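1. here are the coordinates; sequence isn't available:
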């Protein structure tokens, strides 16, 4: 008997709470959620106090686009990589399946189209369930949930995650504020706009924010193509994404899905036959987790990394690095790059095969730019970004500088000694000073002593070149060496260049103004890849490539010759748009006159002979047979860096093979690579075939025209060289 009286007292208390709740709600002009009632009572709030508190709350809610993922694309539209803090792709309501709209409304807010932001009937139902049956039912409408998501998203995007308030953490003030904002939001936006915003912002999974990302993650489909069972399952996830996760709790997920289907049937959104068929459908997941960042790029991870640094270093994307990070990872950018996926695939396949298993961690790299635009079309190297068993892993990009011109990090290796690939620039100055390309020089001379009358019109002092690397004297070269005997003699200068004779280059430099050589090197964009400083061409060793230069800038310098002497700065970014379609700064084509056209044509005419009768003779001749092609090989003093930079009028490619890490400092002598023993590495041996095999695949994609010949006055007497 006592128990019955106690139950009646409980029932009376519950009824009293309900009546008090309704009275307060009527005076406020809205209905507050049932969970607020005990809090009001405990806090001693009267109805008038509640009204006053409610009226003092703000009505404005800034609804900004939620965080969206950024896509980096090739020039032909293929995805390179995705960046995100929250994987989300915003789509319009008409790009969502009708099933997902009906399913979410059915399970989350069946009176969505009947209320004005707060649902009195839903609150009353929840109050009765909570206070009489001991259940825990919420009464937040979709509009209220949207408000909460918008507020929390704003806090997270502003790096204030500690201020995020989840549903179970809301106090009375939070709930009242949410209600007032929901009412105000319904006055400002249509139901369709609110539903669209909600479905784009709501959390489904740590890899899926918004319905488009959820559809792709769980079913490898789009929101538009969701089936009825799929839509019901995703709608059921919203209430508890972990508890109802089908990959973790399939039984609970199926029960929840079927509950959603039941609500849809009750509301008349589906027929009994549709319901029964959907309930009988097993859960068939096809999970496609997004791979975020350059380390997980689908192609060209190092080019991707280069692009990301261009964004993160550019003040146009934010006043500081934190703002630029938010723009990249949350801004929903679409970044269209210059990369050609066809060339990239060919380049990657080539460098991956160059060194084979590569237990000794030799580096292979290819980078291609387009003459006339500076567009970077391919950038590849034989390493992986993340450690893998049996793989050579590094974060360093072999093809780019260590820093940009402002000193910001580019994550590049900083280049490698270029060896004889620097010789064409001294030769270009030879032609620039009006000397014929077949004039004879004395390549027998191996010593240029202190006091030799080098010429420098700008008054700079020349530094030493020493094979022993310990000559302290300025302006001296103590013992020049050629790679082979038999070339210490007089010869035409063009013959000395295409055969890559060191003593011929010094003999030509002895007749030139070093300030002119300096200007020539500067004009084609060459610089120290480690610190960005100019290459000091008054240091005699730099005539033979003693300074580190990045392959990207070597390819681009030779592209200047291919482009009739017109230099175009290398670019990677074609177009950048934000989530709203607004344009952001990209990189336009920037070209300028750098080398006289006749000089460029003279260089091209001689470098075409490199592959026919010179230092590149042993490289696959099919490239030159098919297209007009010019090239120059190069090897560092210790054979640890080997090159060929070759070009048609359509493509300029730098190919590098050698020791890519400064920490290793290994000579390329007496080494076995990919099963072949080399007493010493040379540019034509590995870098050369790597370049030739690649160019054979890609050169047809960018048709090449014959190079215009130099004027007859430049050719000179054309003596016949001795073999």
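-> Here it is on my side, so go on. This one's a predicted model, so the numbers in the text were calculated from it and none came from an experiment. Residues are numbered from 1 along each chain as shown.

2. Can you classify the residue nearest to residue 405 when sequence neighbours are not counted by secondary structure?
-> Counting by CB to CB, 6 or more residues apart in numbering, residue 405 lies nearest to residue 532, which is 5.6 Å off, once chain neighbours are set aside. From N, CA and C alone the C-beta is placed, and that goes for glycine too. Under the three-state scheme (DSSP: H, G, I helix; E, B strand; the rest coil), residue 532 adopts coil.

3. for residue 532, what are its contacts?
-> Residues in contact with residue 532, defined by CB atoms under 8 Å, 6 or more residues apart in numbering, are 401, 403-405, 407.

4. Buried among those? Make that a PyMOL selection.
-> Filtering the contacts of residue 532 down to the buried ones (16 or more other CB atoms under 10 Å) takes a single PyMOL command:
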select buried, resi 401+403+404
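
5. tell me which of the contacts of residue 532 is nearest to residue 211?
-> The closest of the contacts of residue 532 to residue 211 turns out to be residue 404 (CB to CB; 39.5 Å).

6. Quick check, the closest one in contact with residue 313.
-> Yes - counting by CB atoms under 8 Å, residue 404 touches residue 313, with 5.8 Å between them.

7. any common contacting residues for those two?
-> With CB under 8 Å, 6+ apart, residue 404 and residue 313 have common neighbours residue 410.

8. Does the residue most central in space within the chain lie in a helix or a strand, and which?
-> In the chain, the centroid-proximal residue (CA atoms, centre = their mean) is residue 304; its distance is 3.0 Å. Assigned by DSSP states H and E, residue 304 belongs to helix 301-312.

9. what's near enough to touch residue 344?
-> Contacts of residue 344 (CB under 8 Å, 6+ apart): 74, 299-300, 303, 377-380.

10. For it, pull up the helix or strand it's in.
-> Assigned by DSSP H and E, residue 344 belongs to helix 341-354.

11. ok, then the element right after that helix?
-> Counting by DSSP H and E, what follows helix 341-354 is strand 363-369.

12. Show me what that next one is packed against.
-> helix 341-354, strand 376-381, helix 551-562, strand 652-658, helix 687-698 (3 or more CB pairs under 8 Å, 6 or more residues apart in numbering; DSSP states H and E).

13. among the ones you listed, which is the most enclosed?
-> strand 652-658 (a mean of 31; mean count of other CB atoms under 10 Å).

14. ranges for the helices of the stretch 101-250 of the chain?
-> Remark: helices assigned in the stretch 101-250 of the chain by DSSP state H, counting those that start in this stretch are 120-132, 142-157, 172-188, 191-201, 211-219, 228-237, 250-266.

15. oh, I was asking about the stretch 501-650 of the chain
-> Here the stretch 501-650 of the chain has its helices, by DSSP H, counting those that start in this stretch, at 502-509, 514-523, 551-562, 597-613, 622-626.

16. and those helices, which is most packed in?
-> For the helices of the stretch 501-650 of the chain, where neighbours mean mean count of other CB under 10 Å, the stretch averaging the most is helix 551-562, with a mean of 29.

17. what about that one, distance to the chain center?
-> In terms of CA atoms, centre = their mean, to the nearest Å, the centre of helix 551-562 is found 23 Å from the chain centre.

18. tell me the angle of that helix relative to helix 301-312?
-> Per axes from the mean of the first three to the mean of the last three CA atoms, to 10 degrees, the angle that helix 551-562 makes with helix 301-312 is 90 degrees.

19. Can you spell out which helices and strands pack onto helix 551-562?
-> Applying 3+ CB pairs under 8 Å, 6+ apart, one finds that helix 551-562 contacts strand 363-369, helix 423-432, strand 566-568, helix 597-613, strand 630-635, strand 641-647, strand 652-658.

20. any chance of the ones you listed in a markdown table, plus distance to residue 347 and mean pLDDT?
-> Output for these, formatted as a markdown table (distance: least, CB to CB, whole Å; pLDDT from 0 to 100):
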| stretch | distance to residue 347 | mean pLDDT |
| --- | --- | --- |
| strand 363-369 | 4 | 98 |
| helix 423-432 | 23 | 98 |
| strand 566-568 | 20 | 98 |
| helix 597-613 | 20 | 97 |
| strand 630-635 | 17 | 98 |
| strand 641-647 | 14 | 98 |
| strand 652-658 | 8 | 98 |
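
21. I'd like those written out as JSON lines, with distance to residue 591 added.
-> JSON lines is the format used below for the helices and strands packed on helix 551-562 (distance: least, CB to CB, whole Å):
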{"stretch": "strand 363-369", "distance to residue 591": "12"}
{"stretch": "helix 423-432", "distance to residue 591": "18"}
{"stretch": "strand 566-568", "distance to residue 591": "4"}
{"stretch": "helix 597-613", "distance to residue 591": "13"}
{"stretch": "strand 630-635", "distance to residue 591": "20"}
{"stretch": "strand 641-647", "distance to residue 591": "16"}
{"stretch": "strand 652-658", "distance to residue 591": "14"}
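
22. nearest to residue 144, of those?
-> Ranking the helices and strands packed on helix 551-562 by proximity to residue 144 (CB to CB) places strand 363-369 first, at 54.1 Å.

23. Tell me the strands beside that closest one, with direction?
-> Taking DSSP bridges as the criterion, strand 363-369 pairs within the sheet with strand 376-381 (antiparallel), strand 652-658 (antiparallel).

24. who touches stretch 430-440?
-> The contact list for stretch 430-440 (CB under 8 Å, 6+ apart) reads 427, 490-494, 508, 511-513, 516, 520, 595-596, 598-599, 602-603, 605-606, 710, 713-719.

25. That stretch: end-to-end distance?
-> Distance across stretch 430-440, first residue to last, is 12 Å (CA to CA, to the nearest Å).

26. what's the distance between it and the middle of its chain?
-> Stretch 430-440 sits 45 Å away from the centroid of its parent chain (CA atoms, centre = their mean).

27. now do stretch 243-254
-> Remark: stretch 243-254 is offset 35 Å from the chain centroid, using CA atoms, centre = their mean.

28. measure residue 288 to residue 216 for me?
-> Using CB to CB, to the nearest Å, we find residue 288 at a distance of 6 Å from residue 216.

29. neighbour count winner among these two?
-> Applying other CB atoms under 10 Å to residue 288 and residue 216 shows that residue 216 carries more neighbours, namely 21 against 14.

30. Look up how far residue 108 lies from that one.
-> Counting by CB to CB, the gap from residue 216 to residue 108 is 22 Å.

31. same deal with residue 157?
-> For residue 157 relative to residue 108 (CB to CB), the value is 24 Å.

32. Residue 712 now?
-> From residue 712 to residue 108 the distance is 83 Å (CB to CB).

33. Name the helix or strand for residue 373, please.
-> According to DSSP H and E, residue 373 maps onto no helix or strand at all.

34. show me where pLDDT drops low in this structure?
-> When residues are selected by pLDDT under 70, those of the chain lie in 1-60, 126-139, 158-172, 466-474, 663-664, 718-723.
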